[in-house]
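Peer 1: this one's sequence-less:
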């Protein structure tokens with residue numbers, strides 16, 4: 001399904017998918033897998049980020065150190081990194097770690113990756129400064145966490161600026177405007193069937209908007225689950241403390 005000039009590294013929920021196009025790389029997984037990432041990549045001149053959450057940008061510093069690559073990201077990600085906003089980076093109270101990295105240049109409407117031109121689509125909602133990449137010549141769409149085969153990445157209206165749900169709806173509309181033959185999501189295997197995936201995502205969004213209490217509980221569970229994946233040897237007492245910390249940073253209502 002994925003064209004032979006692209007390689008996709010799928011490593012589960014702790015690490016976002018990594019796409020390699022020649023000496024260009026999209027996303028970098030969580031920092032605990034950085035050594036394996038560097039070995040798999042072999043060479044990297046450009047690292048383009050779909051967003052700056054720790055499971056997608058965690059290996060960025062290691063790639064810069066190993067290969068001296070340039071990091072490209074949305075202007076809003078550049079701002080987050082410049083001021084290292086721990087809340088909007090989803091680090092405050094979550095137990096996640098993200099080694100500091102630079103953003104060398106802001107993405108334009110088109111970026112060259114692996115010798116091809118890719119359109120840069122603004123797809124925020126899950127993340128401040130979220131983008132997707134679309135290669136028109138063969139319909140390859142890299143969506144990060146803006147769209148999965150069954151849903152999208154966690155929405156966090158407590159950490160992110162107001163308008164999360166509206167931005168998510170607009171991102172789905174943007175993705176619906178391209179003719180994709182294959183979607184490479186931020187987690188899970190590549191898939192076909194963009195239209196059906198968008199229908200499922202819109203239904204999921206409606207459910208989250210209508211159920212704020214359940215949504216808050218899900219966010220806490222997911223943050224705790226990610227922390228447990230990152231360090232499975234933690235004790236029950238440490239998990240209880242981490243749950244309390246995650247609940248403490250989420251107020252009872254949406255912002």
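Peer 2: Sure thing, it's come through. Please read these numbers as outputs of a predicted model, since none were measured by experiment.
Peer 1: and the longest strand seen in the chain, what does it pack onto?
Peer 2: Using DSSP state E to define each element, the chain has its longest strand at strand 116-122. Judged by 3 or more Cβ pairs under 8 Å, 6 or more residues apart in numbering; DSSP states H and E, strand 116-122 is in contact with strand 110-113, strand 131-135, helix 164-175. The C-beta positions use only the backbone N, C-alpha and C, and glycine is treated the same way.
Peer 1: among those, which is the most enclosed?
Peer 2: Among those, strand 131-135 has the highest mean neighbour count (mean count of other Cβ atoms under 10 Å), at a mean of 25.
Peer 1: continuing past it, what's the next helix or strand?
Peer 2: strand 140-144 (DSSP states H and E).
Peer 1: distance between that next one and the chain's centre?
Peer 2: Its chain's C-alpha centre and that of strand 140-144 lie 11 Å apart, by Cα atoms, centre = their mean, to the nearest Å.
Peer 1: could you do stretch 199-216 as well?
Peer 2: Averaged over its C-alpha atoms, stretch 199-216 has a centre that lies 19 Å from its chain's centre (Cα atoms, centre = their mean).
Peer 1: let me know the average pLDDT across it.
Peer 2: Mean per-residue pLDDT for stretch 199-216: 93.
Peer 1: please identify the buried residues of it?
Peer 2: 200, 201, 202, 204, 205, 208, 209, 215, 216 (16 or more other Cβ atoms under 10 Å).
Peer 1: residue contacts, the third one?
Peer 2: Residue 202 sits next to 169, 172 when contact means Cβ atoms under 8 Å, 6 or more residues apart in numbering.
Peer 1: next: the fifth one.
Peer 2: Contacts for residue 205 (Cβ under 8 Å, 6+ apart) come out as 152, 155, 165, 168, 169, 172.
Peer 1: just want the angle from the helix or strand hosting it to helix 164-175.
Peer 2: Taking DSSP H and E as the criterion, the element that holds residue 205 is helix 194-210. Put simply, helix 194-210 runs at 170 degrees to helix 164-175, going by axes from the mean of the first three to the mean of the last three Cα atoms, to 10 degrees.
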